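>>> Build the 3D model from these lines:
(one chain, ligands or ions: 1)
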Amino acid sequence: MPISPVRVRFAPSPTGRFHIGGARTALYDYLIARQTSGQFILRIEDTDRKRFVSGAEEELVESLHWLGIEWDEGPDVGGPYAPYRQSERTEIYKQHAHALVESGHAYYCFCSPERLSRVRQEMQKRKQPPRYDGTCRRLDPAEALARVDAGESHVVRFKTPRQGTTTAVDLLRGPINVENATLDDFILLKSDGLPVYHLAAMVDDHLMHITHVLRGSEWLPTFPLHVLIFQAFGWEQPTWVHLSVFLNPSGKGKLSKRQTLDPKSGVKAIHVLDLQEMAYLPEAVTNWIALMGWSYDDRTEQFSMLDLIQKFSLEKLVPSPAAVNFSKLDHFNGIYIRSLSLDDLVGRLRPHFEAAGLRPTVDQLRSIAPLIQERIRTLDDAVEIAGFFFHEHVEPDPVGLIGKNMDAEQSALAAEKAHQVITAQVSMDPDVMEPALRQLAESLELSAGQLFGILRMAVTGQKVSPPLIESLEVIGKQKVLERIDRAVQLLETLP
Ligand code: GLU
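This is a model prediction of the structure:
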C-alpha cells in the first residue's frame, strides 16, 4: 500500500460521452490521493483534434462533481504544473520530441502518406506485420535537420532499439517482456506539430511528478513503448496500474463505450449522466463502480466514500475482466435510499416530482416520503408510485375497481358504505381509520383485502400503492371522499 503521498492523474480525452469506465479510473485515483494525503490531478488530453467532441469536457466535469470526485489540480482550478489541457502545452511536447532527436533516440521522417501506405501493403503481401521500414532512420542527421529547417513536411519517430528486450512492469500483472525487434518506430510528433498520446502523456506524467499511473488495460499493448520513452529520457518510471476491462452483463464480450439501454442484455446505461437522469443516487453509483475490479473482503459490500478512502488499496485490484451487474446497482440504490434521513430524501425527491410537472410542498413530501422510502428503487419510482397524491383527480380503470371475487354492484355498495364511514370519522388518523374500515369490511362480510383493494384503486388509481390507510390521511378527507364518489359512479356504468 502506498504510504507516502501519491500524485495521480485522471487524463481523459474529450472524444465522447463520459462512461463508468472513466469514472472508475477517476474514483480510484481520487481514493488513493485522499488516503495518502496526496494530489489528484485532472488533465485533459485533447491533442487529437479529429476525435474532439465539443461538450465532452463539460460532461465529464459535471459527472465527476456529481459523483463527489474532486481534484486538486486541473484546467479549472489551476495548480503548480499548469496548463492542464494538453492543447495548451504543445510547445513542451515539441521541445521534448526535438530533445529526443538530439540525443539520438528519435529521428525526423519525411515519408509521404502515399509511400507509407505502399510500404504497408507490400509488407502485408509478404505476410509481415505492417510497420515503418526505417528509410528515414538511415538518413544523415545533419541532412535531415537541414530539410526540417528548409520547411519540409515531417514527423518525428521514435528510434526503437532493434535488439534486446523491454520489460514493462504492471503492478497487478508483474513484468511483461517484449522483444524490441517486434516493435515499430512509432510516431511521436505528427506533421501538424501535435504530439501523439505516447509522447504527450509520458512527458506530462514526468513533468507533473506523477507517481502512479492508473489507466485502462487497452493501453497494455503499447505499454512497452511508454517504458522505452521513459528510458530514452532517462526518467524514473511511475508505478503502472492497468485496470480490468468491463464485460457485458452476460459475461460475454467487452462492454462497448457506445452501448446504451439494451434490455435484452441487461445494460441500463453506461454514461454517468444517464444514471443521474435515471435517478440513481451518486452514493450508490460510486459504491457500485468501486467494486468493479476491487474488493475489500468477501463479505463487505457497502462503502461510503469515507469508507472507500480508508479501505481502498491498489493491491486488492483484480486484473481479470468483470461483468457489469446492473441489478447490483439497483440493490445499492435501494440500500442508500433507505438510509437517507427524511430531510435528505425530501430534498432529493423534489426535483423528480417537479420534472414530472408536479409541485408538492415540502410538508407534503415530508408526509409521503416515509410511506415510500422502503418501496422505491430509484427516486423516479417515487413519482410513479406517489404521483397520485398531487394530482387533482385520479382516473381509475372502472373494471379495476371491482373487488376480488365480487361484482360491480357489490363493489359500488362497499365503496358507498366506506364513504359513509369515512365521512363519519372526526379524524383521518390511521389509528382511528383502520379499525373503522376493518369493522366495515366485517359487517359487509368482506375481507379487509377486498375492501382495501376497492378503496386503493378508487383513491390512488393504482393497483399498487404506499400503505392505504396512511395514504388516506395524506390525501385528505375531502379529496378521498370525492375520489370514492367518482369510483361509485364509474362502477355504476359497468354492466
Ligand atoms: N487520454 C487517454 C484516454 O482517454 C488517457 C489514458 C491514460 O490515462 O494515460 O484513454
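>>> which helices and strands does the least confident helix or strand in the chain by mean pLDDT pack with?
Averaged element by element with mean pLDDT, DSSP states H and E, the chain has its least confident helix or strand at strand 322-323 (a mean of 86). On a contact count with 3 or more CB pairs under 8 Å, 6 or more residues apart in numbering; DSSP states H and E, strand 322-323 meets strand 246-247. All C-beta atoms are positioned from the backbone trio N, CA, C, and that covers glycine.
>>> picking up where we left off before, direction included, what does the least confident helix or strand of the chain pair up with?
strand 246-247 (parallel) (DSSP bridges).
>>> can you list contacts of the helix or strand following the strand it pairs with?
Using DSSP states H and E, the helix or strand that follows strand 246-247 in sequence is helix 272-277. Residues outside helix 272-277 that contact it (CB atoms under 8 Å, 6 or more residues apart in numbering): 17-20, 23, 59, 62-63, 66-67, 260, 268-269, 282, 285, 329.
>>> mean confidence for helix 272-277?
Regarding helix 272-277, the rounded mean pLDDT is 93.
>>> and Asp72, what is it in contact with?
Ala33, Gln39, Phe40, Ile41, Gly79.
>>> a markdown table please, covering these and showing pLDDT, secondary structure and neighbour count.
Formatted as a markdown table, the contacts of Asp72 follow (pLDDT from 0 to 100; DSSP: H, G, I helix; E, B strand; the rest coil; neighbours: other CB atoms under 10 Å):
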| residue | pLDDT | secondary structure | neighbour count |
| --- | --- | --- | --- |
| Ala33 | 98 | helix | 25 |
| Gln39 | 98 | strand | 23 |
| Phe40 | 98 | strand | 22 |
| Ile41 | 98 | strand | 25 |
| Gly79 | 98 | coil | 17 |
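>>> could I get these as TSV with distance to Ile337?
Formatted as TSV, the contacts of Asp72 follow (distance: CB to CB, whole Å):
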residue	distance to Ile337
Ala33	29
Gln39	34
Phe40	29
Ile41	34
Gly79	37
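>>> May I ask which helix or strand encompasses the residue in the stretch 151-300 of the chain that the ligand sits nearest to?
For the stretch 151-300 of the chain, the residue closest to the ligand is Arg215, as judged by CB to the nearest ligand atom, at 3.4 Å. Counting by DSSP H and E, the element that carries Arg215 is strand 212-216.
>>> what does Trp288 give?
Using DSSP H and E, Trp288 falls in helix 282-290.
>>> again with Val241
Per DSSP H and E: strand 239-243 holds Val241.
>>> can you count the residues close to the residue nearest to Pro370 when sequence neighbours are not counted?
Spatially, and ignoring its direct neighbours in sequence, Pro370 is nearest to Leu342 (6.7 Å; CB to CB, 6 or more residues apart in numbering). When neighbours are counted by other CB atoms under 10 Å, Leu342 registers 12.
>>> in this structure, which spans are strands?
Here the chain has its strands, by DSSP state E, at 7-10, 39-42, 106-109, 155-158, 165-170, 174-179, 187-189, 212-216, 239-243, 246-247, 322-323.
>>> Tell me which of those is the most buried.
strand 7-10 (a mean of 27; mean count of other CB atoms under 10 Å).
>>> Which strands or helices does that strand pack on?
By 3+ CB pairs under 8 Å, 6+ apart, strand 7-10 packs against helix 20-35, strand 39-42, strand 212-216.
>>> hey, C-alpha coordinates of it in CSV?
Taking Å, rounded to 0.1, in the frame of the first residue of the first chain, the C-alpha atoms of strand 7-10 are listed here in CSV:
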residue,chain,number,x,y,z
ARG,A,7,0.4,12.1,-7.2
VAL,A,8,-2.1,10.6,-9.6
ARG,A,9,-3.8,11.9,-12.6
PHE,A,10,-7.0,11.2,-14.5
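>>> what's next to that strand, contact-wise?
22, 25-26, 29-30, 32-33, 38-43, 71, 204-205, 208-214.
>>> The strands of the chain into a markdown table, with extra columns for distance to Gly449?
Putting these into a markdown table (distance: least, CB to CB, whole Å) gives the following:
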| stretch | distance to Gly449 |
| --- | --- |
| strand 7-10 | 55 |
| strand 39-42 | 56 |
| strand 106-109 | 80 |
| strand 155-158 | 76 |
| strand 165-170 | 61 |
| strand 174-179 | 63 |
| strand 187-189 | 74 |
| strand 212-216 | 54 |
| strand 239-243 | 52 |
| strand 246-247 | 45 |
| strand 322-323 | 41 |
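>>> Check the burial of the one residue in the stretch 351-495 of the chain that gets nearest to the ligand by counting its neighbours.
Using CB to the nearest ligand atom, the closest approach of the stretch 351-495 of the chain to the ligand is made by Thr378 at 29.5 Å. Residues lying near Thr378 (other CB under 10 Å) number 20.
>>> How about Ala150?
7.
>>> do the same with the one 10 residues further on
Other residues within reach of Thr160, judged by other CB under 10 Å, total 23.
>>> Residue numbers of this protein in contact with the ligand?
Ala11, Pro12, Ser13, Glu45, Ala201, Arg215 (CB under 6 Å from any ligand atom).
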